[in-house]
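sequence first, predicted model second:
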Amino acid sequence: MKDKPTIVLVHGFWGGAAHWSKVIVELARKGYASQRAVELPLTSLAEDAERTRKMVKQQPGPVLLVGHSYGGAVISEAGDLPNVVGLVYIAAFAPDAGESPGAITQAAPPAAIANVVPDSDGYLWIRHDKYHESFCQDLGADEALVMAVTQKAPLASTFGDNVSAPAWKKKPTWYQVSSEDRMINPENQKRMSARMQPRKIITLAAGHASLASKPAEVAALIDEAATSACS
């Protein structure tokens, strides 16, 4: 294997870059000295993708992009850069051209869809009292409480933004399905991952926040992708 790539981690809705904290530690133990976690504004797909592109362009060598949840749509939109060697999707949206996360969700609604509510300012929230059971039912109560209180709500309009030219049609891909996911229907995850024809699909018995409940397994997939993409 050549030098390890920089791992650029992209979070989704209702969380921030710190959602990757356990994965970051696992990857560091595997020798990944160069990691970055993008903090998305969650204001539009275009703005989120541009923030990600800027982070990728700042890296001097190859980059492996990893997206969780809505972050999958972001890396699909932003991932066609010369130094991106692969894309890893963690319980994530992988829209085709002209598709949005919202349309994919409407086609096969997840179990917790009723717990996502807009506020009077146009932001979407997971109800605080339903966050644990909706987003991270396989985490402890304390960790879920912190996630609920610190959740980062997107502008609701972002959910309807279409991907233009998905990078997964050009770059090697890997996908992790969460079989107990209540935020993205597992059937949607299976469909999106299958049509990408990724190098590998793994399924974890996890809720939506598999990056927090199964960090060792998620990091192992990222490590495998990095090794394969840079070999």
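Alright, I've got the coordinates.

residue 99 is in contact with residue 162, isn't it?
Yes - counting by Cβ atoms under 8 Å, residue 99 does reach residue 162; the two are 6.2 Å apart. Every C-beta, even on glycine, is put in place using the N, C-alpha and C of the backbone.

common neighbours of the two, please.
Counting by Cβ atoms under 8 Å, 6 or more residues apart in numbering, residue 99 and residue 162 have no contacts in common.

residue 81 and residue 57 touch, don't they?
Yes - contact between residue 81 and residue 57 holds when scored by Cβ under 8 Å: they sit 6.9 Å apart.

between these two, which one's more packed in?
Relative neighbour count places residue 81 above the other of residue 81 and residue 57, with 15 against 11, counting by other Cβ atoms under 10 Å.

helix, strand or coil for the more buried one?
Secondary structure, DSSP: H, G, I helix; E, B strand; the rest coil: residue 81 is coil.

what distance do you get for it to residue 126?
Using Cβ to Cβ, to the nearest Å, residue 81 is found at 32 Å from residue 126.

the helix or strand harbouring residue 103: which residues count as buried?
Element membership of residue 103, judged by DSSP states H and E, is helix 101-107. Neighbour counts over helix 101-107 (16 or more other Cβ atoms under 10 Å) mark 101-102, 104-105 as buried.

pLDDT below threshold where in this protein?
Residues of the chain meeting the criterion pLDDT under 70: 1-2.

put the alpha carbons of the helix holding residue 103 into PDB.
Output of helix 101-107 as PDB, limited to C-alpha atoms (Å, rounded to 0.1, in the frame of the first residue of the first chain):
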ATOM      1  CA  PRO A 101     -32.800  12.600   0.100                       C
ATOM      2  CA  GLY A 102     -36.400  13.800   0.600                       C
ATOM      3  CA  ALA A 103     -37.800  12.000  -2.400                       C
ATOM      4  CA  ILE A 104     -35.900   8.800  -1.500                       C
ATOM      5  CA  THR A 105     -37.400   9.000   2.100                       C
ATOM      6  CA  GLN A 106     -40.900   9.600   0.700                       C
ATOM      7  CA  ALA A 107     -40.700   6.500  -1.500                       C
END
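
what packs against it?
With contacts defined as 3 or more Cβ pairs under 8 Å, 6 or more residues apart in numbering; DSSP states H and E, helix 101-107 has these neighbours: helix 186-196.

residues touching the helix it packs on, excluding its own?
89, 91-96, 104-105, 107-108, 110, 168, 173, 175, 177-181, 201.

inside strands: which ones of these?
When DSSP state E is applied, the contacts of helix 186-196 are split such that 89, 173, 175, 177-178, 201 fall in strands.

all strands of the protein, in order?
According to DSSP E, the strands that the chain contains are 6-10, 35-38, 63-68, 84-90, 116-118, 124-126, 173-178, 200-204.

what angle do the first one and strand 63-68 make?
Right, the one you point to is strand 6-10. 20 degrees (axes from the mean of the first three to the mean of the last three Cα atoms, to 10 degrees).
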